[in-house]
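>>> The sequence isn't on hand, but the structure is:
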Ligand code: ATP
Ligand code: MG
């Protein structure tokens, strides 16, 4: 769909959309009017609530209300397994399976409020376990299956995991030996069949014995529903508590930020071990009654293009790291796939370089729509909307119902809202939206410190332009102070990315006796480029030309890969610790490593 046009150069570009080319009327066209008329209590009426006024439960909104209505036989989950396996669950199937799991939990003596952890790859049982646990009013906490034993044990311990759903292989490899440290862990459910293993039960036996009838008990909107650990990009991961009312945000953001329509085939590429894979890989698409795709395989550009084409994906939600990997292969690799069904592409998780937004137009005929949120916010807070112009490099506009501001802290412990456009400060959100975290587990003080007056302070620095678009500068921890300048790593990284040789860049401040800090960049090259002194000088020159000497990196090192979290975020703190020979700190969520 060639619905977007870009005017170069990228930095000043605004991508305008031709509305005549939209294959669906976008859910949000008049941003100002929707915003002005929006309030969360009316938004809640988009959902059903439990029958008989029994409250609000995520799983009812995601499954049961559809399973009772006209969507009962629609495919809810379409699972594409490794080696070509394929399984579909309709809303009715999903209702039965989650009912069984909820009954199985009760049969095991698991009570409301107790935590059910899931340590699985992206397989149907993960989705059934999370949603079944929500039905039983348990707290669901999905973990990345690639985590090592230590991060798993730590999280199970912090969250007082009562039940763990996993595979025999994962159990043997990662959990069994640490079990004595986990006195709360009463039950381990293995999803595969096999001979009995002490201290575990088998999924199939449990499910077979359980009834497929289940009535969700009365659920308060403030009842705890999900425990999500942050990515650990800046330090030790925090356990963010979310409640059933969060589903109101999931639904509203699915409507406006992802533009979900009734007949969509939606693909969120994130793993549920990261909040995006739960809020948007499970909940939001199901509350909208669409078909959501679950792809078990890890990233591979050609495989992904094949999935987009073969499954006729209409809305695609992915992340900057994946986009940058696709860019490495060039737009030509996309040709030859029929992506005619694809009508909207969004991205989250890290700053999306303007180059990547514009590359979307080149490769797919439409930009990637960046949006911003955090584990703590539970759902999308700032987004580029389908019907509105995109400014590459900007995170977009606040969602209806979300008040975002740029603030600075004042000497009396308060904050002042900065009204002037393009002045950098901390990104703050007016507290009170439904999916706002209700706490950091066991970290009361840390939680309290996030709030000043009416504001929730995000820890990210940003600017707002005169049109109200927000621009990410960097995490407060990552900002570089060099000779009196405050430099956001994102701007420097994006500039390096504009050079044809650069696939990825991570920028840190390196202590310097003269400047306080100097800007140092770590760069991974695209295939076909080799590191050399000449290329280093060329990149330094390129950066200096575009950024000026004060902001451009003084040093550039080449790396085959940059260290990243499991959710795909560049770990600048690790680049820095290694550069300075300092302790690496908590690296429990580290994924790819260069060493
Ligand atoms: P930790 O809090 O443990 O250090 P984390 O902040 O990476 O980890 P998440 O909650 O997964 O954990 O990530 C949220 C953060 O990711 C945001 O605060 C922001 O720094 C970054 N982020 C997410 N989306 C965007 C975006 N569109 N643009 C820029 N940054 C983003
Ligand atoms: Mg964070």
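Perfect, thanks for sending it. Keep in mind the model is a prediction, meaning the values are calculated, not measured. Residues are numbered from 1 along each chain as shown. Ligands and ions are numbered 1, 2, ... in the order given.

>>> who's in contact with the nearest residue to residue 262 once chain neighbours are set aside?
Distances taken as Cβ to Cβ, 6 or more residues apart in numbering put residue 289 closest to residue 262, at 6.5 Å, once the chain neighbours are dropped. Where C-beta positions appear, they are placed from N, C-alpha and C, glycine not excepted. Shown in contact with residue 289 (Cβ atoms under 8 Å, 6 or more residues apart in numbering): 66, 71, 74, 91, 262.

>>> what do you get for residue 77?
Residue 77 is in contact with 88, 89, 94, 124, 127, 291, 292, 294, counting by Cβ under 8 Å, 6+ apart.

>>> next one: the helix or strand harbouring the fifth one to chain centre, how far?
Secondary-structure element containing residue 127, defined by DSSP states H and E: helix 124-135. Offset of helix 124-135 from its chain centre (Cα atoms, centre = their mean, to the nearest Å): 19 Å.

>>> Contacts for it next, please.
57-60, 62-63, 77, 79, 87, 89, 94, 97-102, 104-105, 116, 118, 120, 139-140, 142, 163, 165, 189, 191, 203, 214, 216, 225, 244, 272, 278, 282, 286, 294.

>>> Quick one: list the elements packing against the host helix or strand of residue 355.
Element membership for residue 355, per DSSP H and E: helix 354-364. Counting contacts by 3 or more Cβ pairs under 8 Å, 6 or more residues apart in numbering; DSSP states H and E, helix 354-364 is packed against helix 320-329, strand 344-347, helix 489-497.

>>> Now with 7 Å, please.
If you count contacts as 3 or more Cβ pairs under 7 Å, 6 or more residues apart in numbering; DSSP states H and E, helix 354-364 packs onto helix 320-329, helix 489-497.

>>> If you count neighbours, what's buried in it?
354, 355, 356, 357, 358, 359, 360, 361, 363, 364 (16 or more other Cβ atoms under 10 Å).

>>> What are the contacting residues of that helix?
4, 6, 10-11, 13, 15, 320, 323-324, 327, 331, 334, 339, 342, 345, 366-368, 370, 390, 392-393, 494, 497-498 (Cβ atoms under 7 Å, 6 or more residues apart in numbering).

>>> Can you name the element that comes right after it?
Toward the C-terminus from helix 354-364 - assigned by DSSP H and E - lies strand 369-372.

>>> helices or strands next to that next one in the packing?
Using 3+ Cβ pairs under 7 Å, 6+ apart, the elements in contact with strand 369-372 are strand 344-347, strand 382-383, strand 394-398.

>>> Pull out the buried residues from the contacts of helix 354-364.
So, by 16+ other Cβ under 10 Å, the buried ones in these are 4, 6, 10, 13, 15, 320, 323-324, 327, 334, 339, 342, 345, 366-368, 370, 390, 392-393, 494, 497-498.

>>> re the thing from before, can you narrow the contacts of helix 354-364 down to the ones near ligand 1?
residue 370 (Cβ under 6 Å from any ligand atom).

>>> quick one, domains of the protein?
38-298, 403-475, 480-592 (automatic domain parsing).

>>> for these, which one ends up most surrounded?
Mean neighbour count (mean count of other Cβ atoms under 10 Å) peaks for domain 38-298 among the domains of the chain, with a mean of 20.

>>> so does it get close to ligand 1?
Yes - against ligand 1, domain 38-298 shows contacts by Cβ under 6 Å from any ligand atom at 230, 231, 232, 233, 234, 235, 237.

>>> show me where the stretch 401-550 of the chain has strands.
Shown for the stretch 401-550 of the chain, the strands assigned by DSSP state E, counting those that start in this stretch span residues 404-409, 415-417, 425-430, 439-440, 451-452, 455-464, 470-475, 480-482, 485-487, 502-512, 516-525.

>>> for the last one, packing partners?
For strand 516-525, the elements it packs on are strand 480-482, helix 489-497, strand 502-512, strand 555-558, judged by 3+ Cβ pairs under 7 Å, 6+ apart.

>>> One more pass at 10 Å, please.
When contacts are defined as 3 or more Cβ pairs under 10 Å, 6 or more residues apart in numbering; DSSP states H and E, strand 516-525 packs onto helix 320-329, strand 480-482, strand 485-487, helix 489-497, strand 502-512, helix 533-547, strand 555-558, helix 572-580.

>>> again, but for the fourth one
Secondary-structure packing of strand 439-440 (3+ Cβ pairs under 10 Å, 6+ apart): strand 239-243, helix 444-448.

>>> So which residues make contact with it?
224, 230, 237-243, 375-376, 446-450 (Cβ atoms under 10 Å, 6 or more residues apart in numbering).

>>> switch the cut-off to 7 Å
Contacts for strand 439-440 (Cβ under 7 Å, 6+ apart): 238, 239, 240, 241, 446, 447.

>>> Who are the contact partners of residue 153?
Residues near residue 153 by Cβ under 7 Å, 6+ apart: 178, 181, 182.

>>> Please apply the same query to residue 148.
Applying Cβ under 7 Å, 6+ apart, the residues near residue 148 are residue 174.

>>> Could you check how far it is from residue 251?
35 Å (Cβ to Cβ, to the nearest Å).

>>> quick one on the thing from earlier: quick one: the helices and strands packed on helix 354-364 as a markdown table, columns for mean pLDDT too.
A markdown table is the format used below for these (pLDDT from 0 to 100):
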| stretch | mean pLDDT |
| --- | --- |
| helix 320-329 | 94 |
| helix 489-497 | 93 |
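
>>> May I see the ones you listed arranged in TSV, with distance to residue 464 as well?
Formatted as TSV, the helices and strands packed on helix 354-364 follow (distance: least, Cβ to Cβ, whole Å):
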stretch	distance to residue 464
helix 320-329	21
helix 489-497	15
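
>>> before we move on, the earlier item: and the next helix or strand past the helix holding residue 127?
strand 139-143.

>>> so what pLDDT did residue 10 get?
Listed pLDDT for residue 10 reads 57.

>>> Ok, residue 82 next?
The model's pLDDT for residue 82 equals 95.

>>> For it, give its distance to residue 249.
33 Å.

>>> circling back: is the helix holding residue 355 anywhere near ligand 1?
No - under the criterion of Cβ under 6 Å from any ligand atom, helix 354-364 makes no contact with ligand 1; the nearest approach is 11.0 Å.

>>> got the angle for that helix vs helix 320-329?
60 degrees (axes from the mean of the first three to the mean of the last three Cα atoms, to 10 degrees).

>>> list the contacts for the closest residue to residue 486 other than its chain neighbours?
Excluding the flanking residues, the one nearest residue 486 by Cβ to Cβ, 6+ apart is residue 479, at 5.7 Å. Counting by Cβ under 7 Å, 6+ apart, residue 479 touches 461, 473, 486, 487, 488.

>>> go with 10 Å
Here residue 479 is in contact with 424, 461, 473, 486, 487, 488, 489, 490, 509, 517 (Cβ under 10 Å, 6+ apart).

>>> Let me know the closest of those to ligand 1.
residue 490 (7.0 Å; Cβ to the nearest ligand atom).

>>> my guess is the closest one contacts residue 473, does it?
Yes - with contact defined as Cβ atoms under 10 Å, residue 490 counts as touching residue 473 (6.4 Å).

>>> any residues in contact with both of the two?
351, 461, 462, 479.

>>> Dig out what the third one forms beta bridges with.
Using DSSP bridges, the beta-bridge partners of residue 462 come out as residue 425, residue 472.

>>> Dump the helices and strands packed on strand 439-440 into TSV; add mean pLDDT as well.
Formatted as TSV, the helices and strands packed on strand 439-440 follow (pLDDT from 0 to 100):
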stretch	mean pLDDT
strand 239-243	98
helix 444-448	97
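
>>> For residue 568, find the nearest of these.
strand 239-243 (18.5 Å; Cβ to Cβ).

>>> coming back round to it: by how many degrees do the helix holding residue 127 and strand 139-143 diverge?
Using the same axes, to 10 degrees: helix 124-135 against strand 139-143 is 160 degrees.

>>> phi, psi of residue 56?
phi -140, psi 120 (degrees, to the nearest 10).
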